[in-house]
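In: Next come a sequence and a model predicted from it.
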Amino acid sequence: MPTMALRLLTTVLYLSLISSATAEFQRILHLPKPNASLTLLAIGDWGRNGTFNQSQVAHQMGKIGEELNIDFVVSVGDNFYESGLTDVEDKSFEDSFTKIYTARSLQTQWYSVLGNHDYRGNAMAQLDPILRSIDSRWFCKRSFMVDAEIAHFFFLDTTPFVKKYWKNPKTNHYDWREVAPRKKYISNLLKDMESSLAESTATWKIVIGHHTIRSVSEHGETPELVELLLPMLINYGVDLYINGHDHCLQHISSTDSPLHFLTSGGGSKAWRGIFMPTTENLQFYYDGQGFVSLELTLAEANIKFYDVYGSVLHKWRITKEFYHYNMRR
């Protein structure tokens, strides 16, 4: 059996081993490579039937994915524009996903969260296992954890946090089925998030959500996440928070912790022309299309940002000093 097909089959088998130690965070096992390394791509704000350079970005993702031998792809939300899917038979699923990300390297598992545009349609459709029968790569839940041994990825449903989405429901439609009432849902979600983070012993802790925590672009900071989520990320030593929502690429480092904020919202429509500098440590900003790669080992993480031509715009490395210290002993 071809290597890619075998890896995808292995992942599908492990998806059947989902556990649910907490109410909201189901745990999914995804084994790293035999050498204990892990490589992935992160992309967001993409689903436009190939337009606004979505197809070009997908092409470059395929090339970089082949070079890096990626293990999976992370989608940070706003998977289908303008208003998610209408139902599980919506052709946008195939036209914006299956028929666009056709490269061999991208025929691996995709782990996805919902964005605010996804909630404007039938949010339940994207969560329906029927979509996996149409394209087995697709895995989308509101919140869950991918256990890749050396790294734990915590996928968080951030849209319900944002208060303005709950106002004027007659004119501002969002699919809040299985979410309302808001306060109870968020309270339970944060409890489960904290429990999962506290139990994690992985070398790398990476949290993924659609909305920004730190940003110098159009949407800026999300106050609800700054208040309710950010202290938890700092307290439990999270290394990376990866989001979309702003249609650009960003790297911001925290002023009071080792936490880094990555925006990978350049999957299709971009070039908003908005830059709002803050007091945060802005390492990189690009107001255009592209995506991010992560290469992880027990010793280090290498992160790169690519544009629509596949050129590396920004890269840096994080090392785990305690690992090097223990290896020298």
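Out: Received the coordinates, thanks.

In: Could I get the full set of helices for this structure?
Out: 3-15, 54-68, 92-93, 116-119, 123-127, 130-134, 182-199, 223-228, 230-235, 321-328 (DSSP state H).

In: Which of those sits closest to residue 34?
Out: Of all those, helix 3-15 sits nearest to residue 34, with 11.4 Å by Cβ to Cβ. (Glycine included, C-beta is placed from N, CA and C.)

In: residue ranges with poor pLDDT in the stretch 51-200 of the chain?
Out: The model of the stretch 51-200 of the chain has no residue with pLDDT under 70.

In: so what's residue 5 scoring on pLDDT?
Out: On pLDDT, residue 5 comes in at 47.

In: so which of the helices of the chain is the most packed in?
Out: Comparing the helices of the chain by mean neighbour count (mean count of other Cβ atoms under 10 Å), helix 116-119 ranks first with a mean of 23.

In: Give me the contact list for that helix.
Out: 77-85, 126, 159, 162, 165, 174-176, 210-211, 245 (Cβ atoms under 8 Å, 6 or more residues apart in numbering).

In: returning to what we had before: I'd like to know which of the helices of the chain is closest to residue 270.
Out: helix 54-68 (9.6 Å).

In: For the closest one, output the C-alpha coordinates as PDB.
Out: Backbone C-alpha positions of helix 54-68 (Å, rounded to 0.1, in the frame of the first residue of the first chain) are rendered in PDB as follows:
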ATOM      1  CA  GLN A  54      -7.500  29.800  -3.200                       C
ATOM      2  CA  SER A  55      -6.500  27.300  -5.900                       C
ATOM      3  CA  GLN A  56      -3.000  28.900  -6.200                       C
ATOM      4  CA  VAL A  57      -2.500  28.700  -2.400                       C
ATOM      5  CA  ALA A  58      -3.700  25.100  -2.500                       C
ATOM      6  CA  HIS A  59      -1.100  24.300  -5.300                       C
ATOM      7  CA  GLN A  60       1.700  25.700  -3.200                       C
ATOM      8  CA  MET A  61       0.500  23.800  -0.100                       C
ATOM      9  CA  GLY A  62       0.700  20.600  -2.100                       C
ATOM     10  CA  LYS A  63       4.300  21.300  -3.100                       C
ATOM     11  CA  ILE A  64       5.500  22.300   0.400                       C
ATOM     12  CA  GLY A  65       3.500  19.400   1.800                       C
ATOM     13  CA  GLU A  66       5.400  17.000  -0.400                       C
ATOM     14  CA  GLU A  67       8.800  18.500   0.500                       C
ATOM     15  CA  LEU A  68       8.000  18.300   4.300                       C
END
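
In: Distance from the chain centre to that helix, please.
Out: 17 Å (Cα atoms, centre = their mean, to the nearest Å).

In: And stretch 36-49, by the same measure?
Out: 7 Å.

In: So which bits of that stretch are buried?
Out: Neighbour-count burial for stretch 36-49 flags 38, 39, 40, 41, 42, 43, 44, 45, 46, 47, 48, 49 (criterion: 16 or more other Cβ atoms under 10 Å).

In: How confident is the prediction for the second one, by pLDDT?
Out: The predicted structure scores residue 39 at 98 on the pLDDT scale.

In: how about the strands in the stretch 151-300 of the chain?
Out: For the stretch 151-300 of the chain, the strands defined by DSSP state E, counting those that start in this stretch occupy 151-156, 204-209, 240-243, 249-253, 260-264, 281-286, 290-296, 300-307.

In: how close does the closest residue to residue 224 other than its chain neighbours get to residue 144?
Out: Closest residue to residue 224 apart from its sequence neighbours, by Cβ to Cβ, 6 or more residues apart in numbering: residue 161 at 4.3 Å. Going from residue 161 to residue 144 by Cβ to Cβ, to the nearest Å gives 17 Å.
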